[in-house]
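**Student:** Fold the following and give me the result.
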Amino acid sequence: MQKLYGSPKQHENGRKVINDVALKLIKLPSPITFTPEIQPICLAPSTEFNHTTGDILHISGWGKPSDAATGISPVLHEVDVPCISNAECAAPYGATITAVNICVATTGGKRSCNGDSGGPLTYINNGVHNQVGVVSFGSSAGCEVGLPAGFSRVSYFADWISSVTGLVI
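**Tutor:** Numbering: from 1, shown residues only. Modelled structure (predicted):
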């Protein structure tokens, strides 16, 4: 790693944005060689439409497969989950839910869990994964209680990502 960039401590409506802990950019000392197993992902631009209640999003990660698990998973887990409104997400979490967040329902055991932080939340459009979120938080009561899971909204940080990387998103 050549350099690590943390997201700026932005404010929204006078409040500090607190749920962006998983958002970091890493500058590597040399280019990555892409293979069938190592590929880039498309990022949601700042003009990305807001996903609406019911849109199906995709979580993948190596985190704990259950609350009772003693460690992270040795295999990659993937699950499709419905997007929920920020108002619905704010019901259990209150004012910490802002435009920086995108949330999903976790009913039926479909969710992210401890160890998944920093992983992708994607929207699959015509077979192409577009990263719309970064795993950020879940309920302190556990992964299996059925409360929403929260993600940092990539489109919210697109301008910052462009300014750090020089890429047009």
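**Student:** Please, where are all the helices along this protein?
**Tutor:** 86-93, 158-165 (DSSP state H).
**Student:** comparing those, which gets the lowest mean pLDDT score?
**Tutor:** Lowest mean pLDDT within the helices of the chain: helix 158-165, at a mean of 89.
**Student:** Alpha carbons only: can I get that one in PDB?
**Tutor:** Taking Å, rounded to 0.1, in the frame of the first residue of the first chain, the C-alpha atoms of helix 158-165 are listed here in PDB:
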ATOM      1  CA  ALA A 158     -18.500   9.800  -6.100                       C
ATOM      2  CA  ASP A 159     -17.200  13.400  -6.300                       C
ATOM      3  CA  TRP A 160     -14.700  12.700  -3.500                       C
ATOM      4  CA  ILE A 161     -13.600   9.400  -5.200                       C
ATOM      5  CA  SER A 162     -13.100  11.300  -8.500                       C
ATOM      6  CA  SER A 163     -11.100  14.000  -6.800                       C
ATOM      7  CA  VAL A 164      -8.800  11.500  -5.100                       C
ATOM      8  CA  THR A 165      -8.400   9.100  -8.100                       C
END
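**Student:** From the centroid of the chain, which residue is nearest?
**Tutor:** The centre of the chain sits closest to V134, judged by CA atoms, centre = their mean, with a distance of 1.8 Å.
**Student:** quick one, strands of this structure?
**Tutor:** 3-6, 11-12, 15-16, 24-27, 42-43, 56-61, 77-84, 101-104, 120-125, 128-137, 149-153 (DSSP state E).
**Student:** Tell me which residues are up against the first one.
**Tutor:** Right, the one you point to is strand 3-6. Strand 3-6 is contacted by residues L23, K24, L25, I26, K27, V164 when judged by CB atoms under 8 Å, 6 or more residues apart in numbering. All C-beta spots, glycine's among them, are computed from the backbone N, C-alpha and C.
**Student:** do the same with the fifth one
**Tutor:** The contact list for strand 42-43 (CB under 8 Å, 6+ apart) reads V128, H129, N130, Q131, V154, A158, I161, I169.
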